[in-house]
Every structure is written in structure tokens, then in C-alpha cells.
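S.K.: Pasting the sequence and the predicted coordinates here, then a few questions.
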Amino acid sequence: MTFKSRSLRQELDQLTDEQQLPVLLIMFAFWIVCAVEWTQRWLGSIPDPRFWTVLSLVITLYGGVRVFHLRLRSHSSTPRVSGEKEVARILHQIRGKGFVAFHNLPGAERNIDHLVIGPSGVYAIETKARSGSGTIDYRSDDELIFGGRIKDGWPLRHARASASAVQTRLNHGLPEAYAVKPLLVFLGDWDIHRHGENLAVDVMTLDQLAEYFDQQKPALTGQEIAAISSCFEAAAAA
């Protein structure tokens, strides 16, 4: 399947248009009000500009922090884009083993990074580019611990949401019930420490992905793989 992903330039343009621009407009609007109040005071009017000045400083500080974080996100887009292509390359390599892969599929709330259908089942893959390195402790379905200090449950929730979106589409498109396994793949220099056997999401690093599929047991026939794949071909071609 063709790797369907927007260019880095398009991603950055959307980030600017949808997130930075409103923040800058709010900052500009408050400074306009501040300027009007000061003008009225210089002309001898009664209105006091001090309240608007303080409010404008607060909004400016908030806006500056938001723009700074958005710029950090835009700078971190390159490794994620590179990592997504590497995931697609690995999934392309396992096609010879009977697997079918779709990329960047539209979901209910957010796009599904990768969908894999093969002899061992159906998998929704969520990829995350996390800065830093070290260990990721996977102790429960609700939380990951990065480097022994930082707790974050959003990657696991995103992975489950992707699998749920795929599951819903399958339930509507096919009479048979097929389970969808959520996978979470981290880009970067991380070491996953899994604690427990019955955790809902399988978490791994990029270099473990191909081996993961090699270790899974057969569960679907070629006819079932084709039927499941047909549910997503139209969305992948859009």
C-alpha cells in the first residue's frame, strides 16, 4: 500500500494556521485595547488603562509560552515523519508473509497511524516520537513511566482509541467479529520494561516491530484477510 502522509511543510503550515495564529490575534487585540485606553488618558479622559495593561501583559506571557511550545513541536516533526516512514518500510517488508498494511487512515477523532491485517490478526499501530532516552516502565493499562520519573497515560489511550475506531468499522462492515489489537511503537532510544502479562496494549520500540509479528500465532485465513482489508481500501485510497 502507498504510504499516505502529508508533507512536513503541510504539517507545519497547518500547525501555524490553526494554533499559532489565534494566539497571536488574541495578543494583538489586547494590546489594541491597551493603546486605546492610554490614548484616552493622554487626551484627558477618565478611563484608567492600568487594568488593561496588566491583562495585556498576562495574555502576552501566555501567548509567548504557547508559541514557544508550538515551535518546539514543529521542530520535533522531522524525526516523527522519518520514524513513520521507517514503520511503513518495516510493514512493507512483511507483506511477503501475508500481511497487508494501510497508513494514515482517517479515524473518528484522529488519524490511525498504521493498520496491519495478516495471518495472526488485525492490529492498529500508534507511533510516538518521545524525546530523551532510557527506560519506559509499562506497569498498567493507564500509565507509562519514562525514565523512572515522568508518568504519561496518553500514548496508551491513543493506541486504544485507534483500535476502537478500527473495531467499530469492522463491526459495521462485516458480519463476523474480529478482535483488533492495539500496538504502541516508540521512536527513539528507549528500552521497554513490561510488568504483567494481561496488559491491553502491546508496547515496543521500532526495532522490535518486525520480530513482534514473527512471534504471533496464525489466526486468520487468506479469505478473511481479504475480507477485512476490503473494509479499509476505500478509506486508504481517499
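M.R.: Everything's here; your move. Numbers count the residues shown, from 1 in each chain.

S.K.: Torsion angles phi and psi at the residue nearest to E143 when sequence neighbours are not counted?
M.R.: Closest residue in space to E143, ignoring its immediate chain neighbours: G153 at 4.7 Å, by CB to CB, 6 or more residues apart in numbering. All C-beta spots, glycine's among them, are computed from the backbone N, C-alpha and C. With angles defined as degrees, to the nearest 10, G153 sits at phi -110, psi -10.

S.K.: starting at the chain centroid, how far to the longest strand belonging to the chain?
M.R.: Identified as the longest strand of the chain according to DSSP state E is strand 121-140. Relative to the chain's own centre, strand 121-140 is displaced by 11 Å; criterion: CA atoms, centre = their mean, to the nearest Å.

S.K.: All further residue positions should be reported with the first residue as 307.
M.R.: Got it, the first residue is 307 from now on, which makes the last one we talked about strand 427-446.

S.K.: Name the residues that touch the following helix or strand past it?
M.R.: Next helix or strand after strand 427-446 toward the C-terminus (DSSP states H and E): strand 449-452. With CB atoms under 8 Å, 6 or more residues apart in numbering as the test, strand 449-452 has contacts from 436, 438, 440-445, 457-459, 461-462, 509.

S.K.: those strands in the chain, which residues are they?
M.R.: Using DSSP E, strands in the chain cover 406-411, 418-424, 427-446, 449-452, 456-458, 486-500, 508-511.

S.K.: Within the sheet, what are the partner strands of the second one, with directions?
M.R.: The reference is to strand 418-424. Strand pairing for strand 418-424, using DSSP bridges, gives strand 406-411 (antiparallel), strand 427-446 (antiparallel).

S.K.: tell me the average confidence for the longest one?
M.R.: The reference is to strand 427-446. Here strand 427-446 scores 91 as its mean pLDDT.

S.K.: Kindly report the same for stretch 469-485.
M.R.: 92.

S.K.: Could you measure from A435 over to Q529?
M.R.: Distance, A435 to Q529, by CB to CB, to the nearest Å: 37 Å.
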